[in-house]
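K.L.:
Need a 3D model of the following:
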Amino acid sequence: DWGFTQFMMLSELVEPERGLIVNDTVKIKVEITVQRDERYYYDSRKETGYVGLKNQGATCYMNSLLQYLYHLPYFRKAVYHMPTNENDEPASSLPLALQSLFYKLQYSRTAVSTKDLTKSFGWSTMDAFMQHDVQELNRVLCEKLEDKMKGTRVERVINELFEGHTSNFIECVDVDYKSSRRESFMDLQLDVKGCPNIYDSFDRYTQVEMMDGENQYKAEGYGLQDARKGVLFDQLPPVLQLQLKRFEYDFARDTMVKINDRYEFFDELDLDRGDGKYLSPQADRSVRNLYKLHSVLVHSGGVHGGHYYAYIRPDGKTWLKFDDTAVTIEDGSKALEEQFGGEDEPGVSPTGRLQGAGQEGDQQQQQAAAAPAPKQRLKFTKFSNAYMLVYVRLSDWPRYMSTVTKDGIAPYLLERLEAEQREKERRQREKQEAHLYCQVRIATDADIAQQVGSSQWFDLVNYDQLPPSRTFRVRKLTRFSDFKQQVAAELGVPVDSQRYWVWQQRANKTYRPTSRLRPDEESAMIVDLRDYRETGLTTAKHALMDLRLYLEIPWPADSPVQSPTRHEINLFFKYYDPQAESLKYVGHRYVPKSLKVAQVFPLMAQLAGLPPGTPLQAYEEVKWDPTVMIEAIDPNAALHQQAQLESGDIICFQKAVPDLESGHTAEAADGSGLIKAAPDGMELDEGAVEQQQQQVEQQPDLQQQVQEQQQPAE
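P.N.:
As a prediction, the model looks like this:
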């Protein structure tokens, strides 16, 4: 609720002249328009056949570069054949991260994340929010890939694609002396300022400079001489990367500035023009250097920041705009004429604005709009323009731009990437269908026995440590009776032997199975048990439908099936060995509420495998937090009425130790909550042992008591 900013005075509402009240009734009409936001429904893969890349904060410049490299099929195929180890992870291996990224761009249905790739760069989260130089990133990335390709079948692929050679020469005017040096390049930096179009930039790049006057050249054997200095192309690469110098240092302002001047480039670039004036005498004239525009990388904004996106023509025909996650089909004029820069009249270009970037430019535009129209129409500087062009030689287009299929991916890599893709799609389906399903986790006595004494000391079981077989993903509308059939099929527990208990987190923060599912609950659907879902130990997100149950089955397997009555409580027993200082779970039993603690001692001894008549001491697990509290139980106390035991309570017992008095509360110094053994050599008090045995003998037999009190539950 955003609140209300306009109100009507009550006195105005009731004025008869206004006519708002008719027959003591106010009629209010509300019109609501719901508009569909296409940004959330647009499917790039469906509309264009391609997907975009997610922006991590300020990685749009990297996204545009990666999209261009991906859409060079020869480069992509080489990346697919880079060797990786089976144990490599994308976040730490640049080749594997790039392979995974390219595969997802080729086959994923949604936009792809670049986090693994930036992690393989060694970037932190902060780096993802800083814009880096695109040209430098391109060079560093290719250098690292070239190093990884050495000694493999794809060695020198990067050089084959992007490497060209220039001939730098110095030729004396008056004497017969010439010096030349051959250099390689992976991209070319072309001037924008003072150059109306791309051919003017190449003219300036190959322009001959005269070295005369104070700048004479010292020729070996001839001394200072007038000379001509220049550069020509020995060899041009199949893929020509042109960096336009849109950003330059302004010495007058002592700052970097962006050159937004109009700069024209063309759909085709003929570098054989002028009878090969850009080529050196050594260049192979049989190669036709006619290039076709493949990619236009665009910067929109000022020198201190902005946005990057790319126009790419993968098939040489249709232009596509790759703007982070969005991929759209665009007209050719969007990729060419609208990215020339320069000035435009108001209303002509949707990307135009007044000179300046950010808020300052917006303010100037608003002021201009508010001012009276001048005699001469205002012109706006386009702040969106091309900063990098990629041309592919037409004669090499079939070789380097051929389609890459799964046959072009190394078999071992394809198997790994397909498995990762299937796992990702499975997780996505689960996420989309999560509202239809819930998670039911069950624990048995066997699970309790496995954890108690090793990883679990207090309470009974930690559900996060259960094996996967104890977790069931079921639809919320599944009937519980059908779920029992599923448990029977997967765990081999007959339906008739399954008895389920729900857990409760008590006020003292203990976690116990307190009540059984009723027959009507077991005949209901899983969603009807929402009141029993786990909310105490997990976040609200994970507790949306996380049902945790205790499955009571005969344990050990040859134990009899217990048939409890309403006069019995379900107690859980742990046995502590003072000599070995070990704790183990020995099972649970239904016992009559009216029995005294001493009458249960024979059952405890039997569960622990102790000789009949072994003197025992019993303790109740009371609480864990803030301090461990295990309280001794009076052997003569009635279980329910005096000891206040109820279903789900835990009794820890051990052989009698003479120095502990009845009713003593033990708070273990080491935090384990365990009572330590008597010192070595200490003899048990024979009188105390005999007295305890007499008390046990005077009590009626436990089995007899159970039989006497068993009767049908009301």
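
K.L.:
contacts, neighbours, all on C-alpha from now
P.N.:
Noted.

K.L.:
Tyr309: helix or strand, and which one exactly?
P.N.:
Using DSSP states H and E, Tyr309 sits in strand 305-312.

K.L.:
Check which helices and strands the following helix or strand past that strand sits against.
P.N.:
Heading C-terminal from strand 305-312, the first helix or strand you meet, by DSSP H and E, is strand 319-323. Applying 3 or more C-alpha pairs under 8 Å, 6 or more residues apart in numbering; DSSP states H and E, one finds that strand 319-323 contacts helix 60-70, strand 305-312, strand 326-330.

K.L.:
what would the ones you listed look like in JSON lines with mean neighbour count?
P.N.:
Formatted as JSON lines, these follow (neighbours: other C-alpha atoms under 10 Å):
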{"stretch": "helix 60-70", "mean neighbour count": "22"}
{"stretch": "strand 305-312", "mean neighbour count": "22"}
{"stretch": "strand 326-330", "mean neighbour count": "19"}
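
K.L.:
Which one, of these, ends up nearest to Gln243?
P.N.:
helix 60-70 (12.3 Å; C-alpha to C-alpha).

K.L.:
follow-up on the earlier one: outside of the strand holding Tyr309 itself, list whatever touches it.
P.N.:
With contacts defined as C-alpha atoms under 8 Å, 6 or more residues apart in numbering, strand 305-312 is touched by 60-61, 63-65, 67-68, 71, 131, 294-301, 319-324, 335.

K.L.:
for that strand, what is the average pLDDT?
P.N.:
The average pLDDT for strand 305-312 rounds to 90.

K.L.:
Then stretch 157-177?
P.N.:
Stretch 157-177 carries an average pLDDT of 94.

K.L.:
quick one: buried residues of that stretch?
P.N.:
The neighbour-count check on stretch 157-177 (16 or more other C-alpha atoms under 10 Å) flags 157-159, 161-172 as buried.

K.L.:
now the strands for the stretch 551-700 of the chain?
P.N.:
Applying DSSP state E, counting those that start in this stretch to the stretch 551-700 of the chain gives strands spanning 568-577, 582-592, 616-623, 629-632, 650-655, 665-666.

K.L.:
Out of those strands, flag the one nearest Ile553.
P.N.:
Closest among these, using C-alpha to C-alpha: strand 582-592, at 10.5 Å.

K.L.:
Report all helices and strands that that closest one contacts.
P.N.:
Packed next to strand 582-592, using 3+ C-alpha pairs under 8 Å, 6+ apart, are helix 445-451, strand 568-577, helix 601-608, helix 702-709.

K.L.:
Recalculate using a threshold of 7 Å.
P.N.:
If contacts are counted by 3 or more C-alpha pairs under 7 Å, 6 or more residues apart in numbering; DSSP states H and E, strand 582-592 sits against helix 445-451, strand 568-577.

K.L.:
Make TSV out of the ones you listed and add mean neighbour count, distance to Glu146 and mean pLDDT.
P.N.:
Formatted as TSV, these follow (neighbours: other C-alpha atoms under 10 Å; distance: least, C-alpha to C-alpha, whole Å; pLDDT from 0 to 100):
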stretch	mean neighbour count	distance to Glu146	mean pLDDT
helix 445-451	19	52	92
strand 568-577	21	64	92
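
K.L.:
Present those as TSV; the columns should include distance to Tyr222.
P.N.:
Shown next, in TSV, are those (distance: least, C-alpha to C-alpha, whole Å):
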stretch	distance to Tyr222
helix 445-451	93
strand 568-577	103
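
K.L.:
what's the closest of the ones you listed to Arg273?
P.N.:
helix 445-451 (81.4 Å).

K.L.:
What is that closest one packed up against?
P.N.:
With contacts taken as 3+ C-alpha pairs under 7 Å, 6+ apart, helix 445-451 sits against strand 582-592.

K.L.:
Pull out the buried residues from the strand it packs on.
P.N.:
Leu583, Lys584, Tyr585, Val586, Gly587, His588, Arg589, Tyr590, Val591, Pro592.

K.L.:
so how far is Val597 from the nearest residue to the last one once chain neighbours are set aside?
P.N.:
Distance criterion C-alpha to C-alpha, 6 or more residues apart in numbering; nearest residue to Pro592, sequence neighbours excluded, is Glu568 at 4.2 Å. Remark: distance between Glu568 and Val597 (C-alpha to C-alpha, to the nearest Å) = 14 Å.

K.L.:
How about Pro554?
P.N.:
Taking C-alpha to C-alpha, one finds Pro554 at 24 Å from Val597.

K.L.:
how about the helices in the stretch 151-300 of the chain?
P.N.:
With helices called from DSSP state H, counting those that start in this stretch, the stretch 151-300 of the chain shows them at 157-162, 198-205, 273-276.

K.L.:
Regarding the chain, what is its longest helix?
P.N.:
helix 411-432 (DSSP state H).

K.L.:
Which secondary structure elements does the very next helix or strand once past it sit against?
P.N.:
Reading on from helix 411-432 to the C-terminus, the next helix or strand found by DSSP H and E is strand 437-443. Applying 3+ C-alpha pairs under 7 Å, 6+ apart, one finds that strand 437-443 contacts strand 471-475, strand 546-552.

K.L.:
Next, format those strands as JSON lines and append mean neighbour count.
P.N.:
Shown next, in JSON lines, are the helices and strands packed on strand 437-443 (neighbours: other C-alpha under 10 Å):
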{"stretch": "strand 471-475", "mean neighbour count": "16"}
{"stretch": "strand 546-552", "mean neighbour count": "22"}
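
K.L.:
returning to what we had before: thought the residue nearest to Pro592 was touching Ser594?
P.N.:
No: assessed by C-alpha atoms under 7 Å, Glu568 is found out of contact with Ser594, at 8.5 Å.

K.L.:
Could you dump the buried residues of strand 582-592 into JSON lines with distance to Leu603 and pLDDT added?
P.N.:
Below are the buried residues of strand 582-592 laid out as JSON lines (distance: C-alpha to C-alpha, whole Å; pLDDT from 0 to 100):
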{"residue": "Leu583", "distance to Leu603": "18", "pLDDT": "92"}
{"residue": "Lys584", "distance to Leu603": "16", "pLDDT": "93"}
{"residue": "Tyr585", "distance to Leu603": "14", "pLDDT": "94"}
{"residue": "Val586", "distance to Leu603": "11", "pLDDT": "92"}
{"residue": "Gly587", "distance to Leu603": "11", "pLDDT": "91"}
{"residue": "His588", "distance to Leu603": "10", "pLDDT": "90"}
{"residue": "Arg589", "distance to Leu603": "9", "pLDDT": "90"}
{"residue": "Tyr590", "distance to Leu603": "11", "pLDDT": "90"}
{"residue": "Val591", "distance to Leu603": "10", "pLDDT": "91"}
{"residue": "Pro592", "distance to Leu603": "13", "pLDDT": "92"}
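
K.L.:
And the residues you listed, which two are furthest apart?
P.N.:
Between any two of the buried residues of strand 582-592, the greatest separation by C-alpha to C-alpha is 25.7 Å, found for Leu583 and Pro592.

K.L.:
Helix or strand with the lowest mean pLDDT in the protein?
P.N.:
strand 352-353 (a mean of 36; mean pLDDT, DSSP states H and E).

K.L.:
pLDDT below threshold where in the protein?
P.N.:
1-6, 37-39, 124-132, 344-381, 530-544, 557-558, 560-561, 658-714 (pLDDT under 70).

K.L.:
Cool, thanks, talk later.
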